[in-house]
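[1] build me a model:
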Amino acid sequence: MKWMRQLYNWVLSWAERPGGERMLFGISLAESSFFPIPPDVLLVALGLGAPKRVFRFAFITGVGSVIGGVLGYLIGALFMDSLGAPILDFYGAQARFEQVRELFAQYDAWVIAIAGFTPIPYKVFTIAAGAFSIDPLVFILASTGARFARFYIVAGVIRMMGERARDFIDNHLERLVVLFTILLVGGFALIKFLL
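    Model (predicted):
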């Protein structure tokens, strides 16, 4: 896993270089379809360096992530055999892909909303959504809501806590993800119940 640490350090290095915002967009786009490092890493680093611009960084991350999700959807819909399967194989995610198939059969696009919000490899879900012909509009709406919520929450934590945010996120990420996932699922369940 030495290459993963090197890639992680490379992503972090963009926080101190010109073009950090462009790289944030590019990493956000790529991570939703094939890149292994989540954009949160650079979002946190940029946000700590320029706290007054952290919500702008969250917006850039969200836009890149949703566009990348559409790219992942297209890979699954049009190029599953030639691109989608090799990407999933590279990450050892074929078993997850089959689990995602079952989740889509049960919950449809609600799965995208939950996956887009959690640290579960989002690319598996975007590629699967295309492969399983999930309604593209529903996919985009669910992705937009979930990804923007996730990145704005990270930005809010950075804005409120400043330098302590990195340590807080590192130490409590699992708990935060569980809490936000419960809130998200509960919100969707409430909406579904009311409609």
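
[2] relative to residue 54, how far out is residue 24?
    11 Å (Cβ to Cβ, to the nearest Å). C-betas here are computed from N, CA, C, even on glycine.

[3] what do those two both touch?
    Residues touching both residue 24 and residue 54 by Cβ atoms under 8 Å, 6 or more residues apart in numbering: residue 46.

[4] pLDDT weak spots in the chain?
    Applying pLDDT under 70 to the chain flags residues 1-5, 7-8, 11-12, 118-120, 165-166, 169-174, 176-195.

[5] if we use 50, what do you get?
    Residues of the chain meeting the criterion pLDDT under 50: 191, 195.

[6] and the helices in the protein?
    If DSSP state H is used as the criterion, the helices of the chain fall at 2-13, 20-31, 40-49, 54-78, 85-90, 94-107, 110-115, 122-131, 136-161, 164-194.

[7] export these to CSV and tack on mean neighbour count?
    Shown next, in CSV, are those (neighbours: other Cβ atoms under 10 Å):
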stretch, mean neighbour count
helix 2-13, 12
helix 20-31, 21
helix 40-49, 22
helix 54-78, 23
helix 85-90, 16
helix 94-107, 14
helix 110-115, 23
helix 122-131, 27
helix 136-161, 20
helix 164-194, 12
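
[8] so how far is residue 122 from the nearest residue to residue 145 once chain neighbours are set aside?
    Distance criterion Cβ to Cβ, 6 or more residues apart in numbering; nearest residue to residue 145, sequence neighbours excluded, is residue 113 at 6.2 Å. Separation of residue 113 from residue 122 (Cβ to Cβ): 11 Å.

[9] contacting residues around the closest residue in space to residue 155 that isn't next to it in sequence?
    Spatial nearest neighbour of residue 155, chain neighbours left out: residue 58 (3.7 Å); criterion: Cβ to Cβ, 6+ apart. Each residue near residue 58 by Cβ under 8 Å, 6+ apart is listed here: 43, 47, 148, 151-152, 154-155.

[10] and those, which two are the farthest apart?
    47 and 148 (15.3 Å; Cβ to Cβ).

[11] count of residues packed around residue 35?
    Per other Cβ atoms under 10 Å, the neighbour tally for residue 35 reads 17.

[12] now the one 3 residues further on
    Each residue near residue 38 was counted by other Cβ under 10 Å, and the total is 20.
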